[in-house]
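Asker: Predicted model follows, preceded by the sequence.
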Amino acid sequence: MLDGDAVLDTSGPLDWAGLAAEHRRAPFGRVQRRVLVARTDCPEAFVTELLTPWDSGVANRLVMRRAPAPRWAIRAAAERIGEMRPSFLRAELSQRNVEEMILGTPHLNLLVRAVDGYDHNHHRQVRAFWECAGVLLWSRLGDDRSAWLAASASLPGHPWTFDHLVRVARRRPAVPAERADLRVLAQAPDAVLTGVAAGLPDRTLGAMADPARSLRARGVLTAMIVDRLAESGVPPRELFARWTYGSRCEPATRVWAHGLYPSLDSTNRSAAVYDVPLRRMLAARFPARRPTDLIAALRSCPDAIRAEALLTAACGEQGSPDWRALVRAQRRRSLPDHVLGALAARAGFPARLARALPTRGSTGLRELVASQSPEAARAAVTALHRIHNAEGVLNRIHATGVLPDEEVLAIGRPARDVLVFAYSLSHRTTPAEDRFLGGLVRLVEEAAREAPPGFWTALLDLLPDFGGTLPELLAAARERP
């Protein structure tokens with residue numbers, strides 16, 4: 001196959017119509033089909049021909065295309081799951097086809113084994129699988145506690161179909177709760193989950209969570225489990241707070257478990273500086289009286305949670321404080337960082353305070369709150385060189401729309417960071433679909449049309465060390481002799 005890849009890589013643009021005609025005349029062997037089907041430019045129609053009749057060894061190479069496999073190929077792979085690589089199943093599993101894969105596979109345990117494996121960044125597929133399995137079980141088992149316990153114990157290792165699992169769960173004798181797998185049981189109706197979990201000791205619950213917490217995807221699985229425990233109304237306890245600590249749980253879950261585990265409480269206090277929903281929900285647990293001197297009260301509060309409580313008492317959850325007074329106070333003596341973080345999400349947050357947000361050190365607050373207000377975004381975009389993860393900041397600003405794309409292109413500096421973000425964005429969308437990419441292409445094309453020969457060479461020479469904006473970079477490249 002490596003020889004085949006080398007031949008195709010060095011042969012220039014491929015004549016796909018000619019290759020398809022040759023394949024119809026004299027079908028290629030397995031090695032040749034495995035090489036061709038993995039090409040990102042292989043036409044869909046030719047992919048179908050290369051996979052007909054079905055060959056799992058060829059189909060496993062579809063993951064190299066870095067594009068979703070055809071729906072019919074997903075169905076065929078699910079039916080022949082024992083012949084498919086787990087990496088193929090993980091790559092192709094998505095919310096659009098997970099139900100089809102669960103119901104179509106003859107060996108559910110092999111699909112679970114693939115999901116339990118680890119590929120970089122397949123956390124969404126993991127959660128989609130277990131949540132979809134829960135929805136399917138819910139529609140068939142209702143609130144039958146005994147059947148849910150049986151299904152929770154059997155599903156991860158069930159060697160037959162999903163429908164067979166349901167039939168077995170309905171007629172199986174009562175299963176001890178400690179044999180249930182929390183990945184499955186967490187999807188049960190609230191009454192079933194609460195009834196089972198609320199009365200069990202920590203040791204039993206820990207055993208039920210062990211299969212999930214022993215995997216490399218344990219963070220997303222633990223978050224899924226604890227989010228459901230909180231949502232269903234299970235009373236919080238220290239064990240759940242320990243699980244919440246270190247997992248990316250929903251803000252409501254973190255608030256639910258707050259006060260039961262010191263490490264989680266400390267993390268919540270730190271995250272509240274930039275996480276607006278978490279801060280506001282925690283502040284509701286510590287209501288404050290309306291202060292007579294808001295600025296003095298803010299200077300004395302110990303964290304962003306208390307600062308938010310003071311601001312809510314003074315001007316409501318969405319209201320704005322007296323920004324002029326706060327700017328004057330900042331000029332006299334800097335406000336604490338956690339107070340600036342709490343202020344950043346308030347309407348009208350002024351540029352003077354936005355520029356006071358720290359950019360380096362342990363907080364990097366300007367980076368963390370950049371998408372919460374236009375002025376915070378401008379302060380970040382105009383000094384990207386001071387931010388640790390400029391691409392991540394631009395991505396959040398772009399996703400939230402807190403600043404128009406045209407303004408980001410006009411004021412973002414240095415230009416190289418804007419272009420790096422554009423490059424990463426181009427892997428997910430096109431200039432025709434995205435205003436940021438479309439605006440960037442127009443700027444560069446206009447500059448290139450008006451530029452003398454040597455423009456592109458000058459642009460590449462200037463780019464690494466140029467500290468100005470993209471329009472300034474293009475102008476400098478145009479004028480460079």
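Answerer: Perfect, thanks for sending it.

Asker: Which helix runs longest in the protein?
Answerer: If you go by DSSP state H, the chain has its longest helix at helix 123-141.

Asker: helices and strands around that one, which ones?
Answerer: Under the contact definition 3 or more CB pairs under 8 Å, 6 or more residues apart in numbering; DSSP states H and E, helix 123-141 sits against helix 98-104, helix 108-116, helix 145-154, helix 162-171, helix 182-185, helix 218-232. C-beta coordinates here come from the backbone N, C-alpha and C atoms, glycine included.

Asker: any chance of those helices in JSON lines, plus distance to Arg331, mean neighbour count and mean pLDDT?
Answerer: Formatted as JSON lines, the helices and strands packed on helix 123-141 follow (distance: least, CB to CB, whole Å; neighbours: other CB atoms under 10 Å; pLDDT from 0 to 100):
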{"stretch": "helix 98-104", "distance to Arg331": "56", "mean neighbour count": "18", "mean pLDDT": "94"}
{"stretch": "helix 108-116", "distance to Arg331": "56", "mean neighbour count": "21", "mean pLDDT": "94"}
{"stretch": "helix 145-154", "distance to Arg331": "61", "mean neighbour count": "23", "mean pLDDT": "95"}
{"stretch": "helix 162-171", "distance to Arg331": "66", "mean neighbour count": "16", "mean pLDDT": "95"}
{"stretch": "helix 182-185", "distance to Arg331": "54", "mean neighbour count": "26", "mean pLDDT": "95"}
{"stretch": "helix 218-232", "distance to Arg331": "43", "mean neighbour count": "22", "mean pLDDT": "94"}
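
Asker: Turn these into TSV, including distance to Gly467.
Answerer: Converted to TSV, the helices and strands packed on helix 123-141 look like this (distance: least, CB to CB, whole Å):
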stretch	distance to Gly467
helix 98-104	47
helix 108-116	47
helix 145-154	58
helix 162-171	59
helix 182-185	50
helix 218-232	38
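
Asker: closest one to Ser270 among those helices?
Answerer: The minimum distance between Ser270 and the helices and strands packed on helix 123-141 falls on helix 218-232, with 18.0 Å, by CB to CB.

Asker: That closest one - contacts with which helices or strands?
Answerer: On a contact count with 3+ CB pairs under 8 Å, 6+ apart, helix 218-232 meets helix 123-141, helix 182-185, helix 190-197, helix 202-213, helix 238-244, helix 251-257.

Asker: Quick one: distance of that helix to the chain centre.
Answerer: When distances are taken as CA atoms, centre = their mean, to the nearest Å, helix 218-232 is centred 16 Å away from the chain's centroid.

Asker: tilt between it and helix 108-116?
Answerer: 110 degrees (axes from the mean of the first three to the mean of the last three CA atoms, to 10 degrees).

Asker: contacts for helix 218-232?
Answerer: Under the criterion CB atoms under 8 Å, 6 or more residues apart in numbering, residues 123, 126-127, 130-131, 182-183, 186-187, 190, 193-194, 197, 209, 212-213, 215, 236, 240, 243-244, 246-250, 252-253, 256-257 lie in contact with helix 218-232.

Asker: what about 6 Å?
Answerer: 123, 126-127, 182, 186, 190, 193-194, 212, 240, 243-244, 247-250, 253, 256 (CB atoms under 6 Å, 6 or more residues apart in numbering).

Asker: Narrow the residues you listed to those that are buried.
Answerer: Using 16 or more other CB atoms under 10 Å as the burial test, the contacts of helix 218-232 include 123, 126-127, 182, 186, 193-194, 212, 240, 243-244, 247, 249-250, 253, 256 as buried.

Asker: Widest-spaced pair of these?
Answerer: His123 and Thr194 (26.5 Å).

Asker: quick one: average confidence on the longest helix of the chain?
Answerer: In this model, helix 123-141 carries a mean pLDDT of 94.

Asker: Only alpha carbons, please: show stretch 259-268 as CSV.
Answerer: Taking Å, rounded to 0.1, in the frame of the first residue of the first chain, the C-alpha atoms of stretch 259-268 are listed here in CSV:
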residue,chain,number,x,y,z
GLY,A,259,-19.6,23.1,49.8
LEU,A,260,-19.0,19.4,50.1
TYR,A,261,-15.4,19.1,48.9
PRO,A,262,-12.8,21.8,49.5
SER,A,263,-10.9,21.2,46.2
LEU,A,264,-14.1,21.7,44.2
ASP,A,265,-15.0,24.8,46.2
SER,A,266,-11.6,26.3,45.4
THR,A,267,-11.9,25.5,41.7
ASN,A,268,-15.4,27.0,41.6
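
Asker: contacting residues around it?
Answerer: 236, 238, 241-242, 244-245, 254, 258.

Asker: please redo it, this time with the cut-off set to 8 Å
Answerer: Residues from elsewhere that reach stretch 259-268 (CB under 8 Å, 6+ apart): 236-238, 240-242, 244-245, 254-255, 257-258, 278, 282, 305.

Asker: Could you give the separation of it from the chain centroid?
Answerer: For stretch 259-268, the distance to the chain centre is 24 Å (CA atoms, centre = their mean).

Asker: same question, stretch 50-58
Answerer: Distance, centroid of stretch 50-58 to centroid of chain: 33 Å (CA atoms, centre = their mean).

Asker: And stretch 152-172, by the same measure?
Answerer: On the basis of CA atoms, centre = their mean, stretch 152-172 sits 31 Å off its chain's mean C-alpha point.

Asker: Only alpha carbons, please: show that stretch as CSV.
Answerer: This file holds the C-alpha atoms of stretch 152-172, laid out as CSV (Å, rounded to 0.1, in the frame of the first residue of the first chain):
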residue,chain,number,x,y,z
SER,A,152,-27.6,-1.5,33.1
ALA,A,153,-25.8,-4.7,34.2
SER,A,154,-25.9,-6.4,30.8
LEU,A,155,-25.5,-3.7,28.1
PRO,A,156,-21.7,-3.2,28.2
GLY,A,157,-21.0,-6.9,27.7
HIS,A,158,-24.1,-8.0,25.8
PRO,A,159,-23.0,-10.2,22.9
TRP,A,160,-26.2,-10.0,20.8
THR,A,161,-28.5,-7.2,19.4
PHE,A,162,-30.0,-4.3,21.3
ASP,A,163,-33.5,-5.7,20.9
HIS,A,164,-32.3,-9.0,22.4
LEU,A,165,-30.9,-7.0,25.4
VAL,A,166,-34.3,-5.4,25.9
ARG,A,167,-36.1,-8.8,25.8
VAL,A,168,-33.7,-10.2,28.3
ALA,A,169,-34.0,-7.2,30.6
ARG,A,170,-37.7,-7.4,30.8
ARG,A,171,-37.8,-11.0,31.9
ARG,A,172,-34.6,-11.2,33.9
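
Asker: Cool, thanks, signing off.
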